[in-house]
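Participant: When you get a sec, could you give me coordinates for this:
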Amino acid sequence: MDMTTLHYFYFGLAAFLVGVTKTSVGGVGILAVLLMALAIPGKASPGVLLPMLITADVMAVIYYRRSCQWDILLKLMPLSLVGVGIGYVILRAAPDTDFERIIGWTILAMLALDFGMTEAVRKHMRGRVMTAIAGVLAGGASMVANAAGPIFGVYMLQMGLTKAAFVGTRSWFFLVLNILKVPFAAKLGLITVPSLTLNLTFLPVIFVGAIVGYKVLKYINIELFKWLIRITALFAALRLILF
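Facilitator: This next block holds a predicted model:
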């Protein structure tokens, strides 16, 4: 991979944010997706990011392994796998030259979903229909751009969970989902020996990010944090689409 110093900076920052988001309340993961798209243009971006996410997922599960709400996980996972299949079809058909825009539009769609949630909709998020929609969308967005975090977050916020239960359930969900995505990504040629070598190089950065995320979780102002991430993600997505 032909990368400049700036590209390595984007990659390193993405690796750090992957670790942080997996062991804290989330949110910065969407920035990791965008940074990786800047560092590795084209369809290779999600494939390079996937092993990093799995590494951070394992660390998060170690920290929060006893906090998972398995009933929620079992409801979402089957339909999320349907979404992964749909995302795989989209990836096979999408032109490589337009992929940064696809990621940008996916992020904007996730932000619109977050902003567009009315109280009436939020009250029904636990229903079967909304669970099915959240599961399929999460699987599809995850396969296409590793961008299922906002969908999963919006769904999970309606469950009234504690911080630990929220992070624990999310950690197990994405660990299982990301592992199941590996054969699809490999078949598409998105995971290669050079990409895995790059992953290994930045492995310590992921570990540092995961430790930081775990340590700062209890100090985070959730609402302020969410708004900062939304605004940053909006500008970053527009940059991918327009330039």
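
Participant: hmm, which helix or strand of this protein has the shakiest average pLDDT?
Facilitator: helix 119-123 (a mean of 56; mean pLDDT, DSSP states H and E).

Participant: Next SSE downstream of that helix?
Facilitator: Next in sequence after helix 119-123, counting helices and strands by DSSP states H and E, comes helix 128-145.

Participant: For Leu6, which residues are in contact?
Facilitator: Neighbour list for Leu6: empty [criterion: C-beta atoms under 8 Å, 6 or more residues apart in numbering]. C-betas here are computed from N, CA, C, even on glycine.

Participant: Remind me which helix or strand it belongs to.
Facilitator: helix 5-23.

Participant: Please state the offset of that helix from the chain centre?
Facilitator: 13 Å (C-alpha atoms, centre = their mean, to the nearest Å).

Participant: Next secondary structure element downstream of it?
Facilitator: Next along from helix 5-23, by DSSP H and E: helix 29-39.

Participant: Show me what that following helix is packed against.
Facilitator: With contacts taken as 3 or more C-beta pairs under 8 Å, 6 or more residues apart in numbering; DSSP states H and E, helix 29-39 sits against helix 5-23, helix 44-64, helix 99-115, helix 149-156, helix 222-242.

Participant: Same list (these) but as TSV, adding distance to Val129.
Facilitator: Listed next are the helices and strands packed on helix 29-39 as TSV, based on distance: least, C-beta to C-beta, whole Å:
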stretch	distance to Val129
helix 5-23	28
helix 44-64	28
helix 99-115	15
helix 149-156	12
helix 222-242	25
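
Participant: Any idea which of these gets closest to Phe173?
Facilitator: helix 149-156 (6.8 Å; C-beta to C-beta).

Participant: Name the residues of that closest one that come out as buried.
Facilitator: Gly149, Pro150, Ile151, Phe152, Gly153, Val154, Tyr155, Met156 (16 or more other C-beta atoms under 10 Å).

Participant: Go through those residues and say which is closest to Arg65.
Facilitator: Closest to Arg65, out of all of the buried residues of helix 149-156 and judged by C-beta to C-beta, is Met156, at 17.6 Å.

Participant: between the helices and strands packed on helix 29-39, which gets nearest to Ser80?
Facilitator: helix 149-156 (9.0 Å).

Participant: Tell me how far that closest one lies from the chain's centre.
Facilitator: In terms of C-alpha atoms, centre = their mean, the centre of helix 149-156 is set 10 Å apart from its chain centre.

Participant: Setting aside sequence neighbours, what's the nearest residue to Ile241?
Facilitator: Gly104 (3.9 Å; C-beta to C-beta, 6 or more residues apart in numbering).

Participant: Neighbours of that neighbour, how many?
Facilitator: 22 (other C-beta atoms under 10 Å).

Participant: Which residues are in contact with it?
Facilitator: Residues near Gly104 by C-beta under 8 Å, 6+ apart: Leu34, Ala37, Ala237, Leu238, Arg239, Leu240, Ile241.
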